[in-house]
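Trainee: This is the structure alone, sequence omitted:
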């Protein structure tokens, strides 16, 4: 578990709450779970239960500042959103029998909007790092690979300042 | 007293962009560094999962520079059909055989080499159907770009 992944998933609480009761969104910490790994088609049963969003800590970097024991840090959290529009799925491009996926104000927009809201001094509870800014980048829509499966990946890049003990 | 030509700002900008362009594309420059970082990640990923990533690495489209009025854009990529699958991971998929599937498999796993005959560049295999297991994601392109950004902004 990392504070950054926890924060991303907690921030998405408002999106979870905003979903229609019949088409829920579930969150997964991909560092602790296999739910969003491997074969999307083997997850059809999961995706008939709910749409999913998962986060994983993908990259970490730091650079010392001056001669003191402080450093500039960068954390990248990879986010993946998945849904299914086949039978009992919760995605519907028309927005009738499910939520819209990558339409304007669809599920992907709701998730990125919720994260962008923390772009100035993202309030991540970390004992040593003060985070200064957040960028949502490296958008990679991949739904074109399948007819009924929807997938969208992007990165949340967090930059901040770490005070070393 | 020195006189400044009225176009000195433009000339200065041009000179600066020339410098940036040269530095970006240098053999030890940041773009080459990012390409090498991506290739390292991909090679390590290939070794860990026993995939042959060589053809993807060889499919590198050498970095090219597009010069705009006020910026320099570097472009490169790996033009191989497997490149996006290595980058993002992919699903399992099954290739169904018509009664029996027969093909020449280049670079097969060890059990194939023991069980089938060598033919041409690979091994001639006969299988009822073949399961190709899903790939995990490697992030070799995205992590290479992250490296580049730290290099040029650090």
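Mentor: Now that the structure is in, tell me what you want to look at. This structure is a prediction, so every number in the text was calculated from the model and none was measured.
Trainee: rest of the way, CA atoms for contacts and neighbours
Mentor: OK.
Trainee: the domain parsing of chain B - what is it?
Mentor: B:1-91+B:134-154, B:93-132 (automatic domain parsing).
Trainee: Grab the most central residue of chain B for me.
Mentor: Geometric centre of chain B, nearest residue: residue B:78, 3.9 Å, by CA atoms, centre = their mean.
Trainee: Secondary structure element holding residue B:20?
Mentor: Following DSSP states H and E, the helix or strand that holds residue B:20 is helix B:8-25.
Trainee: Relative to the whole chain's centre, how far out is that helix?
Mentor: Put simply, helix B:8-25 sits 28 Å off its chain's centre (CA atoms, centre = their mean, to the nearest Å).
Trainee: Taking helix B:8-25 as reference, get the angle to the following helix or strand past it.
Mentor: Next along the chain after helix B:8-25, taking DSSP H and E as the criterion, comes helix B:30-49. Calculated by axes from the mean of the first three to the mean of the last three CA atoms, to 10 degrees, helix B:30-49 forms an angle of 30 degrees with helix B:8-25.
Trainee: which other residues reach helix B:30-49?
Mentor: Contact partners of helix B:30-49, identified using CA atoms under 8 Å, 6 or more residues apart in numbering or on different chains, comprise B:23-26, B:51-54, B:57, B:63, B:74, B:138, B:140-141, B:143-145, B:147-148, B:151-152.
Trainee: Just the local confidence number for the residue of chain A positioned farthest from its centre, please.
Mentor: Residue farthest from the centre of chain A, counting by CA atoms, centre = their mean, is residue A:67 at 35.7 Å. The confidence metric pLDDT takes the value 77 at residue A:67.
Trainee: returning to what we had before: tell me the buried residues within the contacts of helix B:30-49.
Mentor: By neighbour count, with 16 or more other CA atoms under 10 Å in any protein chain shown, these hold B:24-25, B:51, B:53, B:57, B:63, B:138, B:140-141, B:143-145, B:147-148 as buried.
Trainee: now, among those, which is nearest to residue B:110?
Mentor: Minimum distance to residue B:110 across the buried ones among the contacts of helix B:30-49 is 12.8 Å, recorded for residue B:51 (CA to CA).
Trainee: Just give the number of residues close to residue B:68.
Mentor: By other CA atoms under 10 Å in any protein chain shown, the residues close to residue B:68 number 9.
Trainee: Contact partners for residue B:118?
Mentor: Applying CA under 8 Å, 6+ apart, the residues near residue B:118 are residue B:124.
Trainee: check which helix or strand covers it.
Mentor: Secondary structure from DSSP H and E places residue B:118 in strand B:117-119.
Trainee: could you give the mean pLDDT of the helix holding residue B:20?
Mentor: On average, the pLDDT along helix B:8-25 is 88.
Trainee: Excluding its own residues, what touches that helix? List them.
Mentor: Outside helix B:8-25, the residues within contact range by CA under 8 Å, 6+ apart are B:29, B:30, B:31, B:32, B:63, B:65, B:70, B:71, B:72, B:74.
Trainee: which SS class is the fifth one?
Mentor: Residue B:63 falls in the strand class when you classify it by DSSP: H, G, I helix; E, B strand; the rest coil.
Trainee: and the gap between it and residue A:33?
Mentor: Here the criterion is CA to CA, to the nearest Å. By it, residue B:63 lies 38 Å from residue A:33.
Trainee: can you check the last one too?
Mentor: Residue B:74 sits at a distance of 37 Å from residue A:33 (criterion: CA to CA).
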